[in-house]
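Chemist: with the sequence up front, the predicted model follows.
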Amino acid sequence: MHLTFQHDPRGESLTLIRRADGAVFKLTSYTRKWRVPHDLSHAVTERELGVADGIFGVIAAGAVFSTMTQIEGKARYDAKVRSDRILKAAKGVGISEAIAAVIHEAVEKRRPTPYAEVRESWGVISQDPCPYPNEHIDRATTVLRELGEQWAASSEPLEFPWPARLRATDPKSARVRAR
């Protein structure tokens, strides 16, 4: 999958999502109040922390959110059922929302890397110890700062390759492989 973050003339951002299955989607982000697009904070946080079933990992697996519009490729006959199945199984979407918001806020407000806040957000979601070491949290914050500066300094699109390893599991295809 490949993401392209584009400046929208209305002051918003627009993300083009090119999935491996040939489908291309447009995702509009309503982030006019932020310097750095919220969807970019998700992409960076999920990629740098290795969250395979976050927002972009479930999209890579075939999920489609209501804010996405397919603009190229043929829709699968079972696209809605498949999307619902993937989203139901994904546990990382909530984690991604919480942690990406914390990192995004730190970058927006030019605060230090939010180690404690990330752990606190994790603790709201899970009783397990936070699996993200300080180095990964620092890397996510640093990369978002750098890409945020790049975004603000140019009207050119920002290319963002998505790693193939970060893809949520489709429970149905996992069951078929197990047979």
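Modeler: That came through fine. Quick caveat: nothing in here was measured; it's all calculated off a predicted structure.

Chemist: give me the pLDDT for the closest residue in space to Val51 that isn't next to it in sequence.
Modeler: Distances taken as Cβ to Cβ, 6 or more residues apart in numbering put Gly92 closest to Val51, at 4.7 Å, once the chain neighbours are dropped. Yep, even glycine has a C-beta here, placed from its N, CA and C like the rest. pLDDT for Gly92: 90.

Chemist: if I look at Gly92, how far off is Leu14?
Modeler: Gly92 sits 24 Å away from Leu14, taking Cβ to Cβ, to the nearest Å as the criterion.

Chemist: mind checking which of those two has more residues around it?
Modeler: Gly92 (21 against 18; other Cβ atoms under 10 Å).

Chemist: quick one, strands of the protein?
Modeler: 2-7, 13-18, 24-29, 68-72, 158-161 (DSSP state E).

Chemist: format those as CSV; extra columns: distance to Ala60.
Modeler: Below are those laid out as CSV (distance: least, Cβ to Cβ, whole Å):
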stretch, distance to Ala60
strand 2-7, 10
strand 13-18, 9
strand 24-29, 11
strand 68-72, 13
strand 158-161, 12
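
Chemist: so which of these is the most packed in?
Modeler: strand 13-18 (a mean of 21; mean count of other Cβ atoms under 10 Å).

Chemist: all helices for the chain, in order.
Modeler: Residue ranges of the helices in the chain, as given by DSSP state H, are 38-49, 55-61, 79-89, 92-108, 115-125, 134-153, 171-178.

Chemist: how about those, which one is nearest Pro9?
Modeler: With Cβ to Cβ as the measure, helix 134-153 is the member of the helices of the chain nearest Pro9 (15.3 Å).

Chemist: tell me what angle that closest one forms with helix 92-108.
Modeler: Orientation note: helix 134-153 sits at an angle of 60 degrees relative to helix 92-108 (axes from the mean of the first three to the mean of the last three Cα atoms, to 10 degrees).

Chemist: which parts of helix 134-153 are buried?
Modeler: Using 16 or more other Cβ atoms under 10 Å as the test for burial, helix 134-153 gives Ile137, Arg139, Ala140, Thr141, Val143, Leu144, Arg145, Leu147, Gly148, Trp151.

Chemist: hang on, the fourth one packs against Glu108?
Modeler: No: taking Cβ atoms under 8 Å as the contact criterion, Thr141 and Glu108 are not neighbours in contact, 11.4 Å apart.

Chemist: let me see the contact set for Val24.
Modeler: Leu16, Ile17, Arg18, Gln70, Ile71, Glu72, Gly73 (Cβ atoms under 8 Å, 6 or more residues apart in numbering).

Chemist: ok, Ser155 - contacts?
Modeler: His7.

Chemist: next one: Pro163
Modeler: So, once contact is read as Cβ under 8 Å, 6+ apart, Pro163 ends up touching Arg47.

Chemist: many thanks, I have nothing further to ask.
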